[in-house]
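Participant: this one's structure only:
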Ligand SMILES: Nc1ncnc2c1ncn2[C@@H]1O[C@H](COP(=O)(O)OP(=O)(O)OP(=O)(O)O)[C@@H](O)[C@H]1O
């Protein structure tokens, strides 16, 4: 197993936001955490990436307990992060933003740059543009491209579909699938449960800081309770055979 979150509890002051969550991510998988606003998806991801301390439990990555490791060390260890709200550097060009993503690496990064521009041709067209002047979708692409510059073993994605038009969401999800096909394991936090479940291999459903369900993503797509709560009730067709 590449990433294992074991019974983590996380507090904001006295409020327990995460009440004993365990998540497993195997090499090569796309795993998604879905759930309503405030369920604790972002907090779980931030705890994995080192942006929130845990009260108890542990995070094991690549065989090592990283629960107390600072965030930047986790990036160096291979946990790539594209945070919610993008987190790009608005006053820097697209190209420089991508280079910043490789800050922890020494040596030649031209192969990663080529890959980022190949995955996101839009970024290649805009390489000299200031990142802050780009559209939301382009900034999301840049955040993912920048995370890939560090050659992560696992890519942590926090709501990549947030605020994007449906066509752009589709594009971003296709690129995430391609990134996974090229060998990167993905842990995806999403409110867009339908799209996330179609993309992922396995999924966990969060409610008020706990996991209430975990299963193959295709099984959850067909689960009446999940459909009623997260997929807008009856969406007509059940999932096609094999989501990939
Ligand atoms: N900085 C904070 N201070 C206090 N409470 C917080 C803070 N951030 C999150 N919380 C609380 O922790 C709980 C989990 O929030 P979290 O953002 O992880 O949920 P989420 O599932 O990612 O929701 P969203 O989709 O809205 O981001 C919520 O009850 C939220 O109000």
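Facilitator: Yep, it's here. This is a predicted model, so every value here is computed, not measured.
Participant: Can you measure across stretch 82-92, start residue to end residue?
Facilitator: 17 Å (Cα to Cα, to the nearest Å).
Participant: Could you do stretch 20-34 as well?
Facilitator: Per Cα to Cα, the first residue of stretch 20-34 is 16 Å away from its last.
Participant: And that stretch, what's buried?
Facilitator: 21, 23-25, 29-34 (16 or more other Cβ atoms under 10 Å). To be clear about C-beta, it is placed using only N, CA and C from the backbone, and glycine gets the same treatment.
Participant: same deal with stretch 102-118?
Facilitator: Buried, per 16+ other Cβ under 10 Å, within stretch 102-118: 102, 109, 112-113, 115-117.
Participant: in which helix or strand would I find the spatially most central residue of the chain?
Facilitator: Residue closest to the mean C-alpha point of the chain, counted by Cα atoms, centre = their mean, is residue 157 at 1.6 Å. According to DSSP states H and E, residue 157 maps onto strand 154-158.
Participant: any low-confidence regions in this protein?
Facilitator: Scanning the chain for pLDDT under 70 picks out the ranges 84-86, 233-244.
Participant: So which bits of it are right by the ligand?
Facilitator: Residues of the chain lying close to the ligand by Cβ under 6 Å from any ligand atom are 12, 15, 17, 35, 37-43, 191.
Participant: one more time with 8 Å, if that's ok
Facilitator: Applying Cβ under 8 Å from any ligand atom, one finds that the chain approaches the ligand through 12-13, 15, 17-18, 35-46, 84, 158-159, 189, 191, 206, 208-209.
Participant: From those, list the buried ones, please.
Facilitator: 17-18, 35, 39-46, 84, 158-159, 189, 191, 206, 209.
Participant: Narrow these to those in helices?
Facilitator: 41-46 (DSSP state H).
Participant: how near is residue 48 to residue 73?
Facilitator: 13 Å (Cβ to Cβ, to the nearest Å).
Participant: In the lengthiest helix in the chain, which residues are buried?
Facilitator: Criterion DSSP H: the longest helix present in the chain is helix 166-181. Residues 168-169, 171-173, 175-177, 179-180 are the ones in helix 166-181 that count as buried (16+ other Cβ under 10 Å).
Participant: So which residues make contact with it?
Facilitator: Helix 166-181 is contacted by residues 28, 30, 119-120, 137, 140-141, 144, 148, 155, 157, 160-161, 164, 186, 188, 192, 195, 198-199, 244 when judged by Cβ atoms under 8 Å, 6 or more residues apart in numbering.
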